[in-house]
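> Fold the following, please.
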Amino acid sequence: RPRRLAAQTMAASTSAFVVSVVINSAIAIVVLLAFSYLRRRSPRIYAPRRFLAEQPPPPLSDRFFGWIDVLYFSMEEIADHCGLDALAIILFMRFGLCTFLLLLIVAAIMMAINGTASCPSYTDGSCDVEGLDVISLSNIDDRSRRMWAHAIFAFLVSSIAMYELYHAYELFVKYRFRYLQRNPHLH
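As a prediction, this is how the structure comes out:
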């Protein structure tokens, strides 16, 4: 009876995960499409600096997803035309995107490592790992050498993320210093 209950719980958690992914993906797509549509229809709301600033920022593409092009603007353009706040936001977005891509790659590797592990055996020799647990840490025996992969990847991801954050901070300080040099009245 406990095994049967555990199997039902695993199936329920897997289906709940899939339902959650589908619902959240649908909401994200609707919000993204709505923003892309409204941005083109109401530029005074979504890009007020183009109309109010003395030095307006460079115009974004009028394509449906043209707002993504801002990630490819040079740091000088963003700092000069949009200000330091916009530069900080763009640097943070780039940092988040790089970290997300890194975590995506690491997650794929870790799921492969976990998924190919032999099931940890219980005292009676049974194995109840099913559903999403097959690709999780619970599929690895406590004394397995595969545990080192988790520790090594945690160290690597943390180190790379700290380096990227430090690099973004250095870049921001450089542009802030340049901005303050150009505007001595702000000291």
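
> quick one: the helices in this protein?
With DSSP state H, the ranges of helices along the chain come out as 2-41, 43-46, 49-52, 75-77, 84-115, 147-182.

> measure stretch 67-76 end to end?
18 Å (C-alpha to C-alpha, to the nearest Å).

> Now it: buried residues?
Going by neighbour count (16 or more other C-beta atoms under 10 Å), the buried part of stretch 67-76 is Trp67, Val70, Phe73. Bear in mind the C-beta positions are built from the backbone N, C-alpha and C, glycine included.

> Please apply the same query to stretch 177-187.
Buried, per 16+ other C-beta under 10 Å, within stretch 177-187: nothing.

> hang on, the earlier thing: of the buried residues of stretch 67-76, just say which sits nearest to Glu54.
Of all these, Glu54 sits closest to Phe73, with 19.1 Å by C-beta to C-beta.

> what's around Ala79, how many residues?
Applying other C-beta atoms under 10 Å, we find 23 residues neighbouring Ala79.

> again, but for Arg63
11.

> quick one: pLDDT of it?
Arg63 carries a pLDDT value of 86.

> May I have the worst-scoring helix or strand of the chain on mean pLDDT as PDB, with CA atoms only?
Using mean pLDDT, DSSP states H and E, helix 49-52 stands out as the lowest-scoring helix or strand of the chain, at a mean of 78. Taking Å, rounded to 0.1, in the frame of the first residue of the first chain, the C-alpha atoms of helix 49-52 are listed here in PDB:
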ATOM      1  CA  ARG A  49      11.500  59.900 -23.600                       C
ATOM      2  CA  ARG A  50      11.300  59.800 -27.400                       C
ATOM      3  CA  PHE A  51       8.800  62.700 -27.200                       C
ATOM      4  CA  LEU A  52       9.900  64.600 -24.000                       C
END
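
> other SSEs contacting that helix?
Where contact means 3 or more C-beta pairs under 8 Å, 6 or more residues apart in numbering; DSSP states H and E, helix 49-52 is packed against helix 43-46.

> If anything else comes up later, I'll come back, but that's it for now.
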